[in-house]
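Student: Can you look at this prediction? I've put the sequence above it.
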Amino acid sequence: MTNLKNQKSAILIVLLAGTFWSLGPYVVRHIDQPQLVPWQYLFTRGIVIFILLNIYLFLNEGLGFYKNYLKIGISGIIGGVGLGTAMITFIWSITNTTAAVTLLCLAAMPFITALLGFMFLRERISLTVWISIFVAAFGIFVMAIGNTEKNSLAGLIFGLASALGFSIFSVTLRWRKNTPKFTTVAIAGLFCFLFSSLMISINDLSFLSTSKNEALFATHGTLVCSGLILYSIGSKNLPAADLTLLSLTEVIGGIFWVWLPWLGINEVPSTNTIIGGFFIFIAIFYYSLIMQTNRRFIGLN
């Protein structure tokens, strides 16, 4: 795997990864009637993620890449299912509310991860981190009271469920640090593929959507994999605090692309979403300042 010795190059690589991820909501907004084809979306996106990550592992490790699956263990299975669940609830969230609400819910992931680590791994949470958690929770509450319509509130709940799934994935990596990370993500793609196949079969639906939609489903899966690979290259050379701030590229970019009128979506966040998002950003910034005292590196490999 590529290693970077220049920290500035690593920052640019991670920013590029976040930019790739930020294009996801914009891609979803171009899907024809996405609320009617969530299982087809997950079916295609899941298999694309699974195939591309296995190709990447093969190119890096040769034919022996399959041995990673023998090391997956219970932590990898739980992490894969958690991440797969996050992928499933993401599409239900973004098709029921604005991209801003979905992405801001995902931005709260560091704090949900901290709570899960405290509950299941007995990781200590300092007073300052508790303050960050409560500030972020207040921001989410403000967004919730501004999304009182049935579908919009459901979108927010699914967004929080997606953040929870991502956090479960993160905690399982900390639980057993030798668990193969990319293999766990590939398991998540396989879980999406299998679960959506089951739902399609039960509901007697078509496995494929229109050619335009299928191209968009595959594009989103490719963006996820490309961002993940770039993130893995850059993250090994950056401390956790820097990565927390750099991860905001996905949130800010995702909101910007669907708002920019030139790109044809023009989705303007509500006042409550902007206010709630402000508190979440303050919490993340404060959290990152706290983390500056912890120079641990959290490379994904």
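Tutor: Nice, I can see it.
Student: give me every residue that touches Arg124.
Tutor: Taking Cβ atoms under 8 Å, 6 or more residues apart in numbering, we find Arg124 in contact with Phe118. Every C-beta, even on glycine, is put in place using the N, C-alpha and C of the backbone.
Student: begin at 139 from here
Tutor: Fine by me, first position is 139 from now on; the one you just mentioned is Arg262.
Student: Where does it fall, secondary structure wise?
Tutor: For Arg262, there is no helix or strand it lies in under DSSP states H and E.
Student: Report pLDDT for Asn141.
Tutor: pLDDT recorded at Asn141 is 54.
Student: let me redo that: Phe331
Tutor: Value for Phe331, per-residue pLDDT: 96.
Student: which residue sits closest to it, ignoring its sequence neighbours?
Tutor: Nearest residue to Phe331, sequence neighbours excluded (Cβ to Cβ, 6 or more residues apart in numbering): Gly184, at 3.6 Å.
Student: ok, the one you found - how many residues close by?
Tutor: 25 (other Cβ atoms under 10 Å).
Student: In this structure Lys350 contacts Asp170, no?
Tutor: Yes: if you go by Cβ atoms under 8 Å, Lys350 and Asp170 touch, sitting 6.5 Å apart.
Student: returning to that earlier point: using CSV, write out the CA atom coordinates for the helix or strand the residue nearest to Phe331 falls within.
Tutor: Assessed by DSSP H and E, Gly184 sits inside helix 176-199. Extracted in CSV, the C-alpha atoms of helix 176-199 (Å, rounded to 0.1, in the frame of the first residue of the first chain):
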residue,chain,number,x,y,z
PRO,A,176,-34.0,1.8,-2.4
TRP,A,177,-33.4,-2.0,-2.6
GLN,A,178,-32.2,-1.8,-6.2
TYR,A,179,-29.9,1.0,-5.2
LEU,A,180,-28.5,-1.1,-2.3
PHE,A,181,-28.3,-4.2,-4.4
THR,A,182,-26.1,-2.5,-7.0
ARG,A,183,-24.1,-0.3,-4.7
GLY,A,184,-23.4,-3.2,-2.4
ILE,A,185,-22.0,-5.5,-5.1
VAL,A,186,-19.9,-2.7,-6.6
ILE,A,187,-18.3,-1.9,-3.2
PHE,A,188,-17.6,-5.6,-2.6
ILE,A,189,-16.1,-6.2,-6.0
LEU,A,190,-14.0,-3.0,-6.1
LEU,A,191,-12.5,-3.5,-2.6
ASN,A,192,-11.6,-7.1,-3.4
ILE,A,193,-9.9,-5.9,-6.6
TYR,A,194,-7.9,-3.4,-4.6
LEU,A,195,-6.9,-6.0,-2.0
PHE,A,196,-5.8,-8.3,-4.8
LEU,A,197,-3.7,-5.6,-6.4
ASN,A,198,-2.1,-4.9,-3.0
GLU,A,199,-1.7,-8.4,-1.6
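Student: got the buried residues for that helix?
Tutor: Neighbour counts over helix 176-199 (16 or more other Cβ atoms under 10 Å) mark 176-192, 194-195 as buried.
Student: helix or strand right after it?
Tutor: helix 205-208.
Student: quick one: the helix or strand hosting Met337 to helix 176-199, angle?
Tutor: Following DSSP H and E, one finds Met337 within helix 319-340. Helix 319-340 runs at 150 degrees relative to helix 176-199, counting by axes from the mean of the first three to the mean of the last three Cα atoms, to 10 degrees.
Student: from the middle of its chain, how far away would helix 319-340 be?
Tutor: 16 Å (Cα atoms, centre = their mean, to the nearest Å).
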